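**Student:** generate coordinates for the sequence data below:
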Amino acid sequence: MDHFATRATAAAPERGQLHVALVLAASTGGIGAHVRSLAQGLVAHGVGVTVCAPAGTDSLFGFSGTGARFHLVDITPTAGARSDAAAIGELRRAFTGADVVHAHGLRAGLLSDLALRTAGRFPGLRPETPLVVTFHHAMLATGMERRLQRLMERRVARAADLVLGASSDLVARARELGATDARLGPVAAPPMPPGGLDREAARAELLGDHRDRPVVLAIGRLVQQKSFGLLLDAARDFGDRDPLVLIAGEGPEEQDLRERIAAEKLPVELLGYRTDVPELLAAADVVVVSSRWEARSLVVQEAMRVGVPVVSTAVGGVPELVGEAAVLVPYGDARALAAAVRGLLADPGRRAELAEAGRLQAQTWPDEAATVAQVLSTYDELVQRG
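**Tutor:** Next up, the predicted model:
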């Protein structure tokens with residue numbers, strides 16, 4: 001497929017049709033899944049959608065399969081004069097005729113703003129096109145990187161016509177930075193496909209002849225934010241029933257975690273990237289989230305929907321997400337994390353209570369349809385305001 005075919009993979013929006021450009025940097029997880037959900041829902045509402053993202057994201061998330069156009073824009077994780085200039089040029093082309101630009105994440109927001117601000121020489125591209133930016137993550141860097149991120153964060157918050165925060169703390173942060181309009185924009189977990197195995201079959205496949213062994217499951221990118229090192233600290237003291245800790249995911253910390261598991265002889269297995277999340281959840285007794293920060297954790301949503309008890313650090317948007325339907329512990333306290341998991345593994349009755357409470361709590365969350373409807377109403381508001 002040639003370069004231009006890659007950049008535009010569906011018909012252009014019709015005259016009079018609302019046209020939205022969705023922008024994201026490289027993603028392998030929640031942001032990409034959210035953008036795909038938005039694209040699919042918006043197209044179903046008759047909106048013309050162009051998704052602007054790096055190579056590989058379309059094959060990973062299937063943006064083109066939603067009926068959206070895919071425009072290749074290589075938004076790199078870090079700034080670079082040449083790469084940023086090329087990305088801004090591609091964004092200008094993609095934004096031509098757009099009624100709203102909706103960027104996801106700071107890098108996407110910054111480059112989208114620069115593309116709009118320098119739009120004067122491009123026919124069909126309007127500098128006054130409303131810019132929506134969704135904040136998906138808290139800034140957790142340190143040192144000079146943290147200073148640079150804060151500057152970018154402030155610039156994007158003030159440039160956007162509307163900032164949507166995936167959790168209430170992100171909304172508060174945007175307001176502190178000077179956003180003119182900041183609102184909660186929850187990110188719904190897409191429905192999981194049904195698993196191909198029931199609990200007994202899933203446990204037999206994972207555990208073999210040791211299917212009575214308790215399973216503690218964690219899922220996520222192996223990066224600092226997820227604090228899997230804290231989970232390893234706690235795993236030494238999960239109880240005398242010899243629970244097995246399974247971590248599904250890949251990332252830059254994989255080798256360090258693997259070496260530590262071997263050196264300390266921890267009851268932990270790294271599963272790598274997995275596509276059988278429904279089967280893993282079916283086999284699990286407890287799902288653990290040890291993160292330093294989360295907005296509306298997709299793993300927590302998936303676990304509670306199917307009735308798997310959750311133990312999580314009380315960070316970011318997790319407390320408002322789970323209510324009373326999960327066990328929360330302070331971040332960084334390995335003893336508290338271990339005690340919470342150990343207590344649940346020893347108490348089947350409490351696990352059953354949390355399973356039912358989780359299903360009920362999940363019914364209070366906005367689903368994909370409600371999320372799309374909320375976002376579409378903000379687009380209409382911004383277009384009418386303009």
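
**Student:** and the next element down the chain from the host helix or strand of residue 339?
**Tutor:** Using DSSP states H and E, residue 339 sits within helix 334-345. Beyond helix 334-345 in the direction of the C-terminus, DSSP H and E gives the next helix or strand as helix 348-362.

**Student:** ok so, going back, from the chain's centre, how far out does the helix holding residue 339 sit?
**Tutor:** From the chain centre to the centre of helix 334-345 is a distance of 26 Å (CA atoms, centre = their mean, to the nearest Å).

**Student:** ok, now stretch 378-386?
**Tutor:** For stretch 378-386 - counting by CA atoms, centre = their mean - the centre lies 26 Å from the chain centre.

**Student:** same thing with stretch 26-44?
**Tutor:** Relative to its chain's centre, stretch 26-44 lies at 10 Å (CA atoms, centre = their mean).

**Student:** what does that stretch rub up against?
**Tutor:** For stretch 26-44, contacts defined as CB atoms under 8 Å, 6 or more residues apart in numbering pick out 20, 22, 24, 49, 51, 53-54, 56-57, 60-63, 66-68, 75-77, 102, 104-105, 134, 136, 187-190, 220-221, 298, 368-369, 371-372, 375-376. Just so you know, the C-beta spots here come from the backbone N, C-alpha and C atoms, and that holds for glycine as well.

**Student:** can you list the weak-confidence ranges in this protein?
**Tutor:** Within the chain, the ranges that satisfy pLDDT under 70 run 1-16, 119-127, 141-142, 386.

**Student:** domain ranges for it?
**Tutor:** 3-188+367-385, 199-362 (automatic domain parsing).

**Student:** any chance of the ones you listed in TSV, plus mean neighbour count?
**Tutor:** Listed next are the domains of the chain as TSV, based on neighbours: other CB atoms under 10 Å:
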stretch	mean neighbour count
domain 3-188+367-385	19
domain 199-362	19
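
**Student:** contacting residues around the nearest residue in space to residue 367 that is not next to it in sequence?
**Tutor:** Leaving out its chain neighbours, the residue that sits closest to residue 367 by CB to CB, 6 or more residues apart in numbering is residue 188, at 5.5 Å. By CB under 8 Å, 6+ apart, the residues touching residue 188 are 34, 37, 301, 365-368, 370-371.

**Student:** 7 Å instead, please
**Tutor:** Residue 188 makes contact with 37, 365-368, 371 under the criterion CB atoms under 7 Å, 6 or more residues apart in numbering.

**Student:** I'd like those residues as a markdown table, with distance to residue 290 appended.
**Tutor:** Listed next are these as a markdown table, based on distance: CB to CB, whole Å:
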| residue | distance to residue 290 |
| --- | --- |
| 37 | 26 |
| 365 | 22 |
| 366 | 26 |
| 367 | 27 |
| 368 | 27 |
| 371 | 27 |
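
**Student:** of the residues you listed, closest to residue 354?
**Tutor:** Nearest to residue 354 among these, counting by CB to CB, is residue 365 at 16.5 Å.

**Student:** that closest one: neighbour count?
**Tutor:** A count of nearby residues for residue 365, using other CB atoms under 10 Å, gives 16.

**Student:** gap between it and residue 88?
**Tutor:** 36 Å (CB to CB, to the nearest Å).

**Student:** kindly report the same for residue 67.
**Tutor:** Residue 67 is 27 Å from residue 88, where distance means CB to CB.

**Student:** check residue 130 too.
**Tutor:** 18 Å.

**Student:** got it, and residue 37?
**Tutor:** 27 Å.

**Student:** which stretches of the stretch 51-200 of the chain form helices?
**Tutor:** For the stretch 51-200 of the chain, the helices defined by DSSP state H, counting those that start in this stretch cover 57-61, 81-95, 106-117, 143-159, 168-176, 199-207.

**Student:** possible to save those helices as a markdown table with distance to residue 310?
**Tutor:** Putting the helices of the stretch 51-200 of the chain into a markdown table (distance: least, CB to CB, whole Å) gives the following:
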| stretch | distance to residue 310 |
| --- | --- |
| helix 57-61 | 26 |
| helix 81-95 | 38 |
| helix 106-117 | 29 |
| helix 143-159 | 29 |
| helix 168-176 | 19 |
| helix 199-207 | 17 |
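
**Student:** between these, which gets nearest to residue 330?
**Tutor:** Using CB to CB, the nearest of the helices of the stretch 51-200 of the chain to residue 330 is helix 168-176, at 16.0 Å.

**Student:** now find how far off-centre the closest one is within its chain.
**Tutor:** 18 Å.

**Student:** in terms of secondary structure, what does that helix contact?
**Tutor:** strand 162-165, strand 182-184 (3 or more CB pairs under 7 Å, 6 or more residues apart in numbering; DSSP states H and E).

**Student:** list the contacts of that helix.
**Tutor:** 135, 138, 157, 163, 165, 182-184, 295, 316-317, 320.

**Student:** return the member of those residues nearest to residue 245.
**Tutor:** Top of the list for closeness to residue 245, among the contacts of helix 168-176 and by CB to CB, is residue 316 at 22.9 Å.

**Student:** show me what contacts that closest one?
**Tutor:** If a contact means CB under 7 Å, 6+ apart, then residue 316 has 138, 167, 169, 293-295 as its contacts.

**Student:** where does it sit: helix, strand or coil?
**Tutor:** Under the three-state scheme (DSSP: H, G, I helix; E, B strand; the rest coil), residue 316 adopts coil.

**Student:** and if you look at residue 242?
**Tutor:** Quick answer, by three-state DSSP: residue 242 is coil.

**Student:** the one 10 residues further on too?
**Tutor:** When the structure is reduced to helix, strand and coil (three-state DSSP), residue 252 reads as coil.

**Student:** what sits against it?
**Tutor:** Contacts of residue 252 by CB under 7 Å, 6+ apart are 222-223.

**Student:** separation between it and residue 293?
**Tutor:** 18 Å.

**Student:** what about the closest residue in space to residue 304 that isn't next to it in sequence, distance to residue 371?
**Tutor:** Nearest non-adjacent residue to residue 304, counting by CB to CB, 6+ apart: residue 358, 3.4 Å away. Distance of residue 358 to residue 371, given as CB to CB: 20 Å.
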